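Peer 1: Pasting the sequence and the predicted model now:
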Amino acid sequence: MFSEILALLLVVTGATQAEASLIQNQVDVLPRMDAPAPFNPSLFKDLTVSRGLEYHYYAAPADTASGKPTLLFLHGFPSTFYDWRHQVSFFQEKGYGLIVPDMLGYGGTARPLDPQSYASSLISKDIVDILDAEKIDQAIVVGHDWGSKIAARLANYFPERFHAFGFLDVGYVAPIIFAAPFNDSMAASKAFLGYENYGFFDYLARNGTDQDIVDHTDSFWDIWFINDTVKTITEFSPFGALEAFLKNNTRVATGDFITPEDRAFQIEFFNQNGWAAPVNWYKVIVGDVEREDNKGIPEENALLQKPVFYGSASRDYFALAAISFEFTIASMGSNGTLTTREYNTGHWVQLQAKDEVNRDLLQWIEGL
Ligand SMILES: *[C@@H]1O[C@H](CO)[C@@H](O)[C@H](O)[C@H]1NC(C)=O
Ligand SMILES: *[C@@H]1O[C@H](CO)[C@@H](O)[C@H](O)[C@H]1NC(C)=O
Ligand SMILES: *[C@@H]1O[C@H](CO)[C@@H](O)[C@H](O)[C@H]1NC(C)=O
Ligand SMILES: *[C@@H]1O[C@H](CO)[C@@H](O)[C@H](O)[C@H]1NC(C)=O
Ligand SMILES: *[C@@H]1O[C@H](CO)[C@@H](O)[C@H](O)[C@H]1NC(C)=O
């Protein structure tokens, strides 16, 4: 069934470098909150990257005596560095170097409002600027959700800067996934799955949705952290479902992987910063920014030639593991090696299966 979707999504792309605008109509950065343990407040840094945007990130140096590598953790939507608390706790005490940024649009990092600023090639360069500033020649990157998209683009644009690539929940985001117009992909999804798995992108990308999220914030966080993920098939994914869910102020039970304190901490970042910037991660997909930008990916880097880890979530019904598997396997080059693990969780594998994820990542990293 998925091969039909792949066939529909397969579009041969051209090879012109997308133009990238540097519009910086960003809001002022507000005072930051101190992160609780395991984060050491003195290890947060700020860097103005080469295109003039400020990045806020956690940087724990590697224990030089042990020669441990540096791990770069990239979060998705709707998140901050704080998504990685369990991994930071685990790897920090083992002497691994850690770089954990707030991605563009989130937390203490710049929050430009123009979708062009969120082109994957530009964000990838920002991340490499951070590695340069930290004097890290090669890191091991691990992404989750849209962080997996940037991990994928780092493999496409800067493969030499990484030992290995890890993907959680969302696998390798092959450029062809978003090569077709968004609604064509959703028509394919509806035909083969029975629902538009990414239909909510359309709503998140619409002007005005940022205010809806503020107005219905409890419903919004409930659905992201829902316990019974089967409900997302009807209440979240399809076109129109998320909007109806919010506007009815619907409440659902959330999973115990997010404590009330963690939820409050996460919400506070967004209460301070709003949603107009983060939703650009969807505008680039529903519009043509990602599609055009990906035309600049060097053809010789289209395949993964390094060790890859993919930890899938078997109960995520919008970012479907089966599709991620197909694309990740199809993108492995002859020099690449793929390690896969499957977790019986919804979207938030690194929170919900934290101990297994930490153990499996450690085993993979030690074996590199
Ligand atoms: C895509 O489909 C959605 C849902 O039907 C609709 O709201 C939107 O306007 C469509 N977008 C385009 C570009 O046709
Ligand atoms: C959304 O807002 C932006 C910025 O104000 C504007 O450029 C764009 O045309 C709007 N999009 C739609 C579909 O109205
Ligand atoms: C979450 O779902 C599990 C399994 O479906 C169930 O055992 C548990 O009671 C649920 N928790 C909440 C808070 O609803
Ligand atoms: C509330 O939910 C119902 C059923 O899903 C839907 O038809 C209706 O449009 C929703 N209300 C709003 C204001 O979106
Ligand atoms: C695969 O590895 C070999 C030996 O290290 C190298 O010469 C070759 O360029 C690599 N191929 C690709 C496609 O990276």
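Peer 2: Structure received. Only a predicted model underlies this, so the values are computations on that prediction, with no experimental measurement involved. Numbering: from 1, shown residues only. Ligands and ions are numbered 1, 2, ... in the order given.
Peer 1: Quick one: classify Glu196 as helix, strand or coil.
Peer 2: Classification of Glu196 by DSSP: H, G, I helix; E, B strand; the rest coil places it in coil.
Peer 1: Asp137 contacts Arg161, doesn't it?
Peer 2: Yes. Judged on CB atoms under 8 Å, Asp137 makes contact with Arg161 at a distance of 7.3 Å. C-beta here means a position set from N, CA and C on the backbone, and glycine is covered the same way.
Peer 1: So which bits of this structure are right by ligand 1?
Peer 2: Asn183, Asp202, Phe239 (CB under 6 Å from any ligand atom).
Peer 1: Buried by neighbour count, from these: which ones?
Peer 2: Those of these that meet the buried threshold are Asp202, Phe239, by 16 or more other CB atoms under 10 Å.
Peer 1: Leaving out sequence neighbours, find the closest residue to Gly166.
Peer 2: Val142 (3.6 Å; CB to CB, 6 or more residues apart in numbering).
Peer 1: helix/strand/coil for that neighbour?
Peer 2: With three-state DSSP as the basis, Val142 sits in strand.
Peer 1: Check Tyr58 too.
Peer 2: With three-state DSSP as the basis, Tyr58 sits in strand.
Peer 1: Same check on Gly166?
Peer 2: Assignment for Gly166 (three-state DSSP): strand.
Peer 1: those helices in the stretch 101-250 of the chain, which residues are they?
Peer 2: Applying DSSP state H, counting those that start in this stretch to the stretch 101-250 of the chain gives helices spanning 120-133, 146-157, 182-193, 200-204, 209-215, 217-224, 232-235, 241-247.
Peer 1: Point out the most buried one among those.
Peer 2: helix 146-157 (a mean of 26; mean count of other CB atoms under 10 Å).
Peer 1: Convert the C-alpha atoms of it to CSV, please.
Peer 2: Extracted C-alpha coordinates of helix 146-157, given in CSV (Å, rounded to 0.1, in the frame of the first residue of the first chain):
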residue,chain,number,x,y,z
TRP,A,146,10.8,18.4,12.4
GLY,A,147,14.2,18.0,14.1
SER,A,148,14.4,14.8,12.0
LYS,A,149,13.9,16.9,8.9
ILE,A,150,16.8,19.1,9.8
ALA,A,151,18.9,16.0,10.7
ALA,A,152,18.1,14.7,7.2
ARG,A,153,19.1,18.0,5.6
LEU,A,154,22.3,18.1,7.6
ALA,A,155,23.0,14.7,5.9
ASN,A,156,22.2,16.2,2.6
TYR,A,157,24.2,19.4,2.9
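Peer 1: can you list contacts of it?
Peer 2: 73-77, 103, 120-121, 123-125, 127-128, 141-143, 161-162, 165-175, 281, 297-298, 301-302, 304, 306 (CB atoms under 8 Å, 6 or more residues apart in numbering).
Peer 1: Next: stretch 55-69.
Peer 2: Here stretch 55-69 makes contact (CB under 8 Å, 6+ apart) with 32, 35, 39-40, 43-49, 70, 81, 88, 92, 94-102, 104, 107-110, 126, 129-130, 134, 138-140, 163, 365.
Peer 1: from those, which would you call buried?
Peer 2: 35, 39, 43-45, 47, 49, 70, 81, 88, 92, 96-102, 104, 107-110, 126, 129-130, 134, 139-140, 163, 365.
Peer 1: when you check ligand 3, which of those turn up near it?
Peer 2: Okay, of the buried ones among the contacts of stretch 55-69, nothing touches ligand 3 (CB under 6 Å from any ligand atom).
Peer 1: Mind picking out the helix or strand in this protein with the poorest mean pLDDT?
Peer 2: helix 2-9 (a mean of 39; mean pLDDT, DSSP states H and E).
Peer 1: check contacts around the closest residue to Gly76 other than its chain neighbours.
Peer 2: In space, and not counting its chain neighbours, Gly76 is closest to Asp145: 2.3 Å by CB to CB, 6+ apart. Going by CB under 8 Å, 6+ apart, Asp145 touches His75, Gly76, Phe77, Ser79, Asp169, Val170, Ala319, His347.
Peer 1: just to revisit the earlier point, return only those of the residues of the chain next to ligand 1 found close to ligand 4.
Peer 2: Okay, of those, nothing touches ligand 4 (CB under 6 Å from any ligand atom).
Peer 1: of the residues of the chain next to ligand 1, closest to ligand 5?
Peer 2: Among these, Asn183 lies closest to ligand 5 (CB to the nearest ligand atom), at 35.2 Å.
Peer 1: Please list all residues in contact with the residue nearest to that closest one when sequence neighbours are not counted.
Peer 2: Nearest residue to Asn183 in three dimensions, chain neighbours excluded: Asp202, at 7.9 Å (CB to CB, 6+ apart). Asp202 makes contact with Phe182, Asn183, Met186, Phe239, Val286, according to CB under 8 Å, 6+ apart.
Peer 1: any idea how far the fourth one is from ligand 3?
Peer 2: With distances taken as CB to the nearest ligand atom, to the nearest Å, Phe239 is found 27 Å from ligand 3.
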